[in-house]
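*Asks:* Pasting the sequence and the predicted model now:
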Amino acid sequence: MQLNPELVKRSLDAHSAIGLVAGVLMYFICLTGTLAALAEGFERWEQPAIPEFQRMEPAAIEKAMNTFRSEVDEQPESLWVVLPTEQIPRTHVAGSDKEFWTDAGGNLLAPPTENWTHMLRELHLSLHLPRNIGLVVVSAAGAMLVALIISGLFAHPRLFKDAFKLRLGGSRRLEQADIHNRLSVWGLPFHLMIAVTGAFYGLVGIMVYSAAAAWYDGDADAMFDAVYGADPVIEAPLVPLQPIRAMAQLEQHHPDADPIYIVAHKVGTEAQFMEIAATQPGRLAYSEIYRFDVQGNYLGDQGLTSGPGGRQFLYSLYRIHFGYFGGWPTRIAWLALGLMLTIVSVTGVNIWLAKRGIDDWIPRAWTTFVWGAPLALAASAAGAVLLAIPALPLFLAVLVVAVLTACRGTGVSTLASELQWCTAAVLIVLAVAHLALHAPGENGAYLWAMNGGVFAAGLVMAALAYLGGRQSVRRTTTHL
């Protein structure tokens, strides 16, 4: 069958564009997920004036709950007090719509800022699309990553044999292929774990509703109750909440438990009850949940660390995916491994572009997105933290402008260097300005660490820009 040449050309262009979109999506999810490993630190860094402390007394917890109910114009169905941890040594109290930091005495302070860190988390979880749609898109990317990892293993029989073979500075295709393959091998267990757990998060909703239709007459709540455990059914006279007694009962029954939050459910009704979520030493599960009646009497636990193995596994996925266990060393490791996965996603597209060998809009658009995304993240962080500018609009504006620079027809190496220099400048200014505005105090070691990391990232970007510029000059000279 003879096809119209114009149709063939348009089909190839469409195929290339779809491939580019898939590459952009994978890179963006990997990049934001890498930074999300430090989201708790960014949350503190974004609001450094909030008081920090290691422990909140039960009486202060009760005061925070009572103050919220008496002073805030809201009647929440559930009332949460999130307690200080090693990563976020702060407390906040939240209802359905409103939320406030507190001091160690339980007094309400400023509301948490939902700006840059919130934007970063939402970009990774759902791309700021409607939540149900975004979760499915991101999880589909996770499933695609699983397929890429497995197919890559079978497509490269010498992958492990050549684990330390690295050819830099020669053919761009071979250079990118070696970087791609070496980092793929070195981070294989991590990459596969991230892909599987990431795919699970969004697709679980589809699986739950399918299973509910098959075995629970379409009742998704009954399905969740069977998997995670049902809420207690309580009918008792309306009396004031007694979190002090609940905390004492937890200490008595489970002295090893480390509370991370306490929540009162169905507040103001005869069915109200309390839960305390607490981590258990040696357990990957996000927490165990202990139930108490309104008077603080212990009712039992949800079985998240001691129940069926499947329940324990499902409740461990969050910590495994984001590296939220083992303290800061684990988070730094997840940051490094996530950066490796991000580089793998970039070099995979670079290999395809090098094989394609066509100098058109596609390699320029890809380059401006790869280096425009870090610039947009850095610029939106600077705008949000230093000038209180909404992060998402600024991020999108900078990213669009960066990608539009591809229309200038400038060489790929020059485009990359320009964006890298801009990112370096923004990061260095951000780190210095943040320290100047928020001098680290008694508990400010994390500010030195966070701003030191931002400053170091700026230096790395400057080094990449300098080396990329020199390489571009050498290649230009070679072709003269």
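*Replies:* Arrived safely, thanks for sending. Note that the coordinates shown come from a computational prediction; the quantities given were computed from them, not determined experimentally. Numbers count the residues shown, from 1 in each chain.
*Asks:* Please count neighbours and contacts with C-alpha atoms only from this point.
*Replies:* Noted.
*Asks:* The chain: strands as residue ranges?
*Replies:* In order along the chain, the chain carries the following strands (DSSP state E): 78-82, 91-94, 99-102, 258-265, 273-279, 288-293, 298-301.
*Asks:* possible to save these as JSON lines with distance to residue 349, mean pLDDT and mean neighbour count?
*Replies:* Written out in JSON lines, the entries for those read as follows (distance: least, CA to CA, whole Å; pLDDT from 0 to 100; neighbours: other CA atoms under 10 Å):
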{"stretch": "strand 78-82", "distance to residue 349": "42", "mean pLDDT": "97", "mean neighbour count": "22"}
{"stretch": "strand 91-94", "distance to residue 349": "43", "mean pLDDT": "96", "mean neighbour count": "24"}
{"stretch": "strand 99-102", "distance to residue 349": "43", "mean pLDDT": "97", "mean neighbour count": "22"}
{"stretch": "strand 258-265", "distance to residue 349": "42", "mean pLDDT": "96", "mean neighbour count": "22"}
{"stretch": "strand 273-279", "distance to residue 349": "41", "mean pLDDT": "96", "mean neighbour count": "24"}
{"stretch": "strand 288-293", "distance to residue 349": "42", "mean pLDDT": "95", "mean neighbour count": "23"}
{"stretch": "strand 298-301", "distance to residue 349": "48", "mean pLDDT": "94", "mean neighbour count": "17"}
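*Asks:* now for those strands, which one comes closest to residue 403?
*Replies:* strand 99-102 (37.0 Å; CA to CA).
*Asks:* for the strands of the chain, which one sits closest to residue 177?
*Replies:* strand 273-279 (42.7 Å).
*Asks:* Report the angle between the closest one and strand 78-82.
*Replies:* For strand 273-279 against strand 78-82, the angle by axes from the mean of the first three to the mean of the last three CA atoms, to 10 degrees is 30 degrees.
*Asks:* In PDB, please show the C-alpha coordinates belonging to strand 273-279.
*Replies:* What follows is strand 273-279, C-alpha atoms only, in PDB (Å, rounded to 0.1, in the frame of the first residue of the first chain):
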ATOM      1  CA  PHE A 273     -14.000   9.100  69.300                       C
ATOM      2  CA  MET A 274     -10.300   9.800  69.300                       C
ATOM      3  CA  GLU A 275      -7.300   8.200  67.500                       C
ATOM      4  CA  ILE A 276      -3.600   8.600  68.100                       C
ATOM      5  CA  ALA A 277      -1.300   7.700  65.300                       C
ATOM      6  CA  ALA A 278       2.200   6.600  66.400                       C
ATOM      7  CA  THR A 279       5.200   5.100  64.900                       C
END
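*Asks:* For residue 433, find the nearest of the strands of the chain.
*Replies:* With CA to CA as the measure, strand 99-102 is the member of these nearest residue 433 (24.6 Å).
*Asks:* what helices or strands is that closest one leaning on?
*Replies:* With contacts defined as 3 or more CA pairs under 8 Å, 6 or more residues apart in numbering; DSSP states H and E, strand 99-102 has these neighbours: strand 91-94.
*Asks:* coming back round to it: of the strands of the chain, which is nearest residue 68?
*Replies:* With distances scored as CA to CA, the stretch of the strands of the chain nearest to residue 68 is strand 91-94 (7.6 Å).
*Asks:* Turn the strands of the chain into TSV, including distance to residue 67.
*Replies:* Shown next, in TSV, are those (distance: least, CA to CA, whole Å):
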stretch	distance to residue 67
strand 78-82	11
strand 91-94	10
strand 99-102	10
strand 258-265	14
strand 273-279	17
strand 288-293	21
strand 298-301	24
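*Asks:* wait, which of those strands is closest to residue 180?
*Replies:* For these, the distance to residue 180 is smallest for strand 273-279, at 37.7 Å, taking CA to CA.
*Asks:* And the helices in the stretch 1-150 of the chain, which stretches?
*Replies:* Listed in chain order, the helices of the stretch 1-150 of the chain (DSSP state H, counting those that start in this stretch) span 5-36, 39-46, 58-71, 116-126, 131-155.
*Asks:* quick one: which of the strands of the chain is nearest residue 362?
*Replies:* Of all the strands of the chain, strand 99-102 sits nearest to residue 362, with 45.0 Å by CA to CA.
*Asks:* Put the alpha carbons of that closest one into CSV.
*Replies:* Taking C-alpha atoms only, strand 99-102 is exported to CSV below (Å, rounded to 0.1, in the frame of the first residue of the first chain):
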residue,chain,number,x,y,z
GLU,A,99,-5.3,25.2,60.1
PHE,A,100,-2.9,26.9,62.5
TRP,A,101,0.6,26.4,63.9
THR,A,102,0.8,26.4,67.7
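*Asks:* Name the residues that touch it?
*Replies:* By CA atoms under 8 Å, 6 or more residues apart in numbering, the residues outside strand 99-102 that reach it are 50-51, 64, 90-94, 108-112.
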